[in-house]
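**Q** got a structure for you, letters missing:
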């Protein structure tokens, strides 16, 4: 299992996941050229990708979908409402899933689950591989009970820690945008992300990607401090935490890995 956060944040989002036989992206929010270049940096040829799975239609998650799909002959998996909401996608190989459906794709199982965000049909994903599960949950205003249930017993987590509440409150954003970010259809704060981690923490967790950090209203240090406090309070052995991109984590079942 290999995971790399190629990009994360309001300027673009894309997550690379590799199992024994499958290479997929979750979202393609950069240009096709940028995605190909970042994959090349980690030794992956974009022509070797097998598919792209889309969480929702916002441009920072789907900007490069059309060109990437056409250039590398990639099928794109969407919820039908997400597909309908994407403008100027062009001709691509379209495949659809329903929320709650398990998509069997080569040697992985991909389970979309609903999240709360201001989009047509936003989802998170659990990617189940022979080496364990990867949970991806970003761009959500609240972590519902269903989100918590979906992320149980994941080997790797990609969790949103978008903003520090004080930095957002005192920062330069206009008040309507601050309200949108803090709403139930906005983004999780550092404290919210840490609380979600607390709900799904277990001994088999090896790595946590702290995702979608705001450049204006957060810092990697503040996000990591919030999560570290949760782990310390529970006397839990700390998994590897990643707040930057791109960063590759290769996971294999090894008793020495934490």
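**A** That came through fine. Since the model is a prediction, treat every value here as computed from it, not as a measurement.
**Q** Point out where the stretch 1-150 of the chain drops to low pLDDT.
**A** Within the stretch 1-150 of the chain, no stretch has pLDDT under 70.
**Q** all helices of it, in order?
**A** Here the stretch 1-150 of the chain has its helices, by DSSP state H, counting those that start in this stretch, at 32-41, 59-62, 65-72, 80-85, 145-150.
**Q** Likewise for the stretch 151-258 of the chain?
**A** Along the stretch 151-258 of the chain, counting by DSSP H, counting those that start in this stretch, helices occupy 165-170, 175-182, 190-200, 220-233.
**Q** gap between the first one and the chain center?
**A** Between the mean C-alpha location of helix 165-170 and the chain-wide mean there is a distance of 24 Å, by C-alpha atoms, centre = their mean, to the nearest Å.
**Q** Now do the buried residues in that helix.
**A** The neighbour-count check on helix 165-170 (16 or more other C-beta atoms under 10 Å) flags 167-168 as buried. Yep, even glycine has a C-beta here, placed from its N, CA and C like the rest.
**Q** helices and strands around it, which ones?
**A** In terms of contacts (3 or more C-beta pairs under 8 Å, 6 or more residues apart in numbering; DSSP states H and E), helix 165-170 is packed against helix 175-182.
**Q** The helix it packs on to helix 190-200, inter-axis angle?
**A** 10 degrees (axes from the mean of the first three to the mean of the last three C-alpha atoms, to 10 degrees).
**Q** Mean confidence (pLDDT) on helix 175-182, please.
**A** The pLDDT scores in helix 175-182 average 96.
**Q** Tell me the helices and strands packed up against that helix.
**A** helix 165-170.
**Q** Need the residues that contact the helix it packs on.
**A** For helix 165-170, the external contacting residues (C-beta atoms under 8 Å, 6 or more residues apart in numbering) are 178, 181-182, 189-191, 214, 216-218, 222.
**Q** isn't residue 3 right next to residue 15, touching?
**A** Yes: using C-beta atoms under 8 Å, residue 3 and residue 15 qualify as a contacting pair, with a distance of 7.1 Å.
**Q** From the neighbour counts alone, determine which of the two ranks first.
**A** Taking other C-beta atoms under 10 Å, residue 3 and residue 15 do not tie; residue 15 has more neighbours (27 against 23).
**Q** From residue 199, how far out is the more buried one?
**A** Distance, residue 15 to residue 199, using C-beta to C-beta, to the nearest Å: 22 Å.
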